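1. Okay, sequence plus prediction incoming.
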Amino acid sequence: MQPVMILNGPNLNRLGTREPDIYGSDDHADLVGFCVAAGKELGFEVQVGQTNDESEMLAWLHDAADAGTPVILNPAAFTHYSYSLRDACAQLTGPLIEIHLSNPHSREEFRHRSVISAVASGTIAGFGMDSYRLALEALKRM
Ligand code: DQA
């Protein structure tokens with residue numbers, strides 16, 4: 001099966017308790033189960049990682065770049081300011097899909113800017129956990 005890395009940035013370990021009106025009531029373990037099952041249906045071996053640590057996220061992206069592994073990335077707050085994450089994403093050798101649970105463009109102004117989008121193949125936002133499934137479907141079609 002084709003491996004796919006799904007990487008989640010800071011505070012996404014808090015899903016379920018974190019602002020449930022915005023992010024829903026499912027927790028990160030639920031999200032992992034959902035992604036693994038959705039991936040399996042599409043013939044992907046999905047590995048999900050979550051970190052609050054920028055350097056750990058960079059190391060995972062470097063591994064994906066070296067292995068040519070497709071990446072689905074929810075950069076969370078890193079989206080809006082992390083040039084080091086952007087530079088790591090620019091090194092990827094497989095497709096990169098940026099995703100968000102919420103629609104950052106309908107929220108505070110600081111969320112309207114993504115420093116990642118310009119180096120992503122595409123972006124999916126605003127569909128809750130389905131953003132992850134849609135990203136896997138998009139990968140399948142690529
Ligand atoms: C998020 C949106 C970001 O603005 C925010 O900082 C997050 C989550 C989302 O999935 O909707 O942590 O990436």
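-> Nice, I can see it.
2. Around the ligand, which positions in this protein sit nearby?
-> 11, 74, 76, 77, 79, 100, 101, 102, 104, 111 (C-beta under 6 Å from any ligand atom). Just so you know, the C-beta spots here come from the backbone N, C-alpha and C atoms, and that holds for glycine as well.
3. Find the nearest non-adjacent residue to the fourth one, please.
-> I take that to be residue 77. Nearest non-adjacent residue to residue 77, counting by C-beta to C-beta, 6 or more residues apart in numbering: residue 10, 5.5 Å away.
4. That neighbour reaches residue 81, doesn't it?
-> No - using C-beta atoms under 8 Å, residue 10 is not in contact with residue 81, being 11.4 Å away.
5. Now the element after the strand or helix carrying residue 48, going C-ward?
-> Under the criterion of DSSP states H and E, residue 48 resides in strand 44-50. Helices and strands here follow DSSP H and E; after strand 44-50, the next one along the chain is helix 54-67.
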